[in-house]
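Colleague: please find the sequence and the predicted model below.
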There are 2 protein chains.
Amino acid sequence: MSKQNIYDDEIFFQGYKKIREQEVNANTLFEIPSLLSVLPELKGKSILDLGCGFGDHCKKFVDKGAKKVVGIDISKKMLEIASKENSSSKISYLNMPIESIETLNEEFDIVISSLAFHYVEDYGKLIKDIFSLLNEDGYLIFSQEHPLNTCHSAGNRWTKNQNGEKIYANLSNYGIEGERECVWFVDHVKKYHRTFSSIITTLIEGGFTIEKILEPLPDEAIIQRYPENYDLFHKPDFLIIKTKKKTL
Amino acid sequence: MSKQNIYDDEIFFQGYKKIREQEVNANTLFEIPSLLSVLPELKGKSILDLGCGFGDHCKKFVDKGAKKVVGIDISKKMLEIASKENSSSKISYLNMPIESIETLNEEFDIVISSLAFHYVEDYGKLIKDIFSLLNEDGYLIFSQEHPLNTCHSAGNRWTKNQNGEKIYANLSNYGIEGERECVWFVDHVKKYHRTFSSIITTLIEGGFTIEKILEPLPDEAIIQRYPENYDLFHKPDFLIIKTKKKTL
C-alpha cells in the first residue's frame, strides 16, 4: 500500500508552506471555519489529529480545553515546524503515516482530520482503525477534498467563455473510484477518489452515525472581497463530515 | 407554493407513458433495482407511496406481503391507469399532491417515494410531514434525481469530442439551490435543486438516521448491452436514500 510523503519533498514543501502562510486562502476562508463549526465541546477531551501538519489545529484544541492532543503526520518537515510553533505540554507530535494508526496504544474521545483522507488508499481500513481507537460516544470529524474535485483524472477542469470566465466545471469519471495523479507543486501527487455514497456508506457500515455534512460555499461578504471564489458555486472544493460512534 | 401537475398534461402524459412502457429504460436498469434493494422486510407492514404514478410499486409491495398500501399522486390520469393495472383490496389510491400529506389521518411503517421529491419545493416541510406520519422505527426510503443532475440551469449539459462522444458533464450552479425549469416533453417543467449536504442534513435534523446512500451505476453486463449508459460514470442520474426514524 502506498504511503505517500510528498510533504517531505523540498519543492512541494516550500510551495505548500507559501500557500498556508497566506492569511487568506481556500483553507482559511472555507475549510477551517466549517471544520471548526462542527466540533463538539472539547473541554477535558482527548483528541487524535490525523495529518496534523504544522499543528495549528492541535494548538487550537488545547486552547479550547482539550486535556490531551496527539498529532500524527508522515512529514518530518511539517512536524519540525509544529514542534517549534505549536508546542504544548498537552500535545505529542508523532511522525507516522495515517495508515499505521492501528499501532497506537491508547483511546481517544475525538478523532479529527483536516484534508488528509483523500491521500489514503484503503479508506475502509482507515475507518475501522479509527473506530477501534475511539471511546464509546466518540466522534470522528474530518474534511477532505470534495468528490467533485477528486474525481478528475485528465484534461481541463473548467470550460471558459470568450472572456475567460469559468462557466462549467468539467465533470468526468465521478463514478470511477480509485487513484488519481495530479500536479500540485510537483508531478505525480496521488489522491484517491471515492464517491459521496461510498464515503458515507463506509462510515455507516463501519459503525458510525452521520451527524452533519457540509459543503462550504462563499457568502456574500466573501464574494464581494474575493470574487474569484464564485467558481465554488459551480463545484465546491471541500466536504466536511461529522460522525459519532454508534452506541450499542 | 407550487403544486405542479405536469403529469395531467396530455402531451407530457403520452410522452412519459411511452418511456415507461419501454422494457428497458433508466428506471428499470438503475433506479428501480437500487430502490428495491434497500427495502426492509415488508411482510405485515403498512406503506405510503408518495407519487405512486401507475402503481407498479404499490402492487409489488402487496406481492411482498404488505398488509396495506396507500398510493398518492397528483395526477388523475396516472391513478386511472393504476386502478386498472395495479389494483388490490390492500391498495388505496388517493388523488392528492405530496404537499398535502399532513391531512392524512393514519400512520405507516414505511414511507417510500420514487423520483418525486425533486418536484417538491418545500423539502423541509415534506420531511417533517413524513416524520409525523411514521410509526416508531419507521423507514423513509426514496429516490430522486441526483443533485449533479438537478443543479443544471441553462446551457449544454455535455461537452462532446469531435466524434460526438460525451467527455465531460458540464457542471454548473451546484451550490445554488432552488427552482430549475427544464424541458421534458413540454416546456416549463419545474424541479427543485438541493445540494447533497442539504438533502442529508435536513433528514438528520428532521429526526432520521441515514442508513444507506446509493448512486447507481452500470455494471459490465449493462455496459456491454447498452453502452450509451457509460455516461453515467461521468454523472450519475439517481440518488437513493434509506433512512430510519430515530428512536428516542
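Modeller: Thanks, I have it.

Colleague: so which residues on chain A come close to chain B?
Modeller: A:148, A:155, A:159, A:167-176, A:195-197, A:200-201, A:204, A:209-215, A:217, A:232-236, A:239 (CB under 8 Å from any CB of the partner chain). (Glycine included, C-beta is placed from N, CA and C.)

Colleague: any idea how far the residue nearest in space to the middle of chain A is from chain B?
Modeller: Against the mean C-alpha coordinate of chain A, by CA atoms, centre = their mean, the closest residue is residue A:115 at 1.6 Å. Residue A:115 sits at a distance of 17 Å from chain B (criterion: CB to the nearest CB, to the nearest Å).

Colleague: just the helices from chain A, written as ranges.
Modeller: Taking DSSP state H as the test, the helices found in chain A are A:10-21, A:26, A:32-37, A:56-63, A:76-85, A:123-133, A:147-150, A:196-205, A:220-225.

Colleague: show me what the third one is packed against.
Modeller: Translated: helix A:32-37. Here helix A:32-37 touches strand A:108-114, strand A:134-145, strand A:238-245, going by 3 or more CB pairs under 8 Å, 6 or more residues apart in numbering or on different chains; DSSP states H and E.

Colleague: the shortest one too?
Modeller: Using 3+ CB pairs under 8 Å, 6+ apart as the contact criterion, helix A:26 has no neighbours among helices and strands.

Colleague: who touches that helix?
Modeller: A:237-238 (CB atoms under 8 Å, 6 or more residues apart in numbering or on different chains).

Colleague: could you rerun that using 10 Å?
Modeller: Applying CB atoms under 10 Å, 6 or more residues apart in numbering or on different chains, the external contacts of helix A:26 come out as A:19, A:32, A:115, A:216, A:226, A:229, A:232, A:237-238.

Colleague: if we take the residues you listed, which one ends up nearest to chain B?
Modeller: When those are compared for distance to chain B (CB to the nearest CB), residue A:232 wins out at 6.3 Å.

Colleague: and the closest one, how many residues sit next to it?
Modeller: 23 (other CB atoms under 10 Å in any protein chain shown).

Colleague: quick one: residues contacting it.
Modeller: So residue A:232 contacts A:26, A:29-30, A:146, A:169, A:215-218, A:222-223, A:238, B:174-175 (CB under 10 Å, 6+ apart).

Colleague: now with 8 Å, please.
Modeller: Taking CB under 8 Å, 6+ apart, one finds A:30, A:217-218, B:175 in contact with residue A:232.

Colleague: same question for residue A:115.
Modeller: Applying CB under 8 Å, 6+ apart, the residues contacting residue A:115 are A:27, A:31, A:51, A:143-145, A:238.

Colleague: ChimeraX command for the buried members of those residues?
Modeller: In ChimeraX, a selection of the buried entries from these looks like this (16 or more other CB atoms under 10 Å in any protein chain shown):
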select /A:27,31,51,143,144,145,238
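
Colleague: dump the contacts of residue A:115 to CSV, plus pLDDT.
Modeller: Compiled in CSV, the contacts of residue A:115 are given as follows (pLDDT from 0 to 100):
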residue, pLDDT
A:27, 88
A:31, 94
A:51, 97
A:143, 98
A:144, 97
A:145, 96
A:238, 97
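
Colleague: let me know the closest of the contacts of residue A:115 to chain B.
Modeller: residue A:238 (10.6 Å).

Colleague: so the closest one sits against residue A:144, correct?
Modeller: Yes: counting by CB atoms under 8 Å, residue A:144 is a contact partner of residue A:238 at 7.4 Å.

Colleague: still on that earlier bit, okay if I get the helices of chain A as CSV plus mean neighbour count and mean pLDDT?
Modeller: Formatted as CSV, the helices of chain A follow (neighbours: other CB atoms under 10 Å in any protein chain shown; pLDDT from 0 to 100):
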stretch, mean neighbour count, mean pLDDT
helix A:10-21, 13, 75
helix A:26, 17, 85
helix A:32-37, 17, 96
helix A:56-63, 20, 97
helix A:76-85, 16, 95
helix A:123-133, 18, 98
helix A:147-150, 21, 95
helix A:196-205, 19, 98
helix A:220-225, 11, 92
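
Colleague: cheers, nothing more for now.
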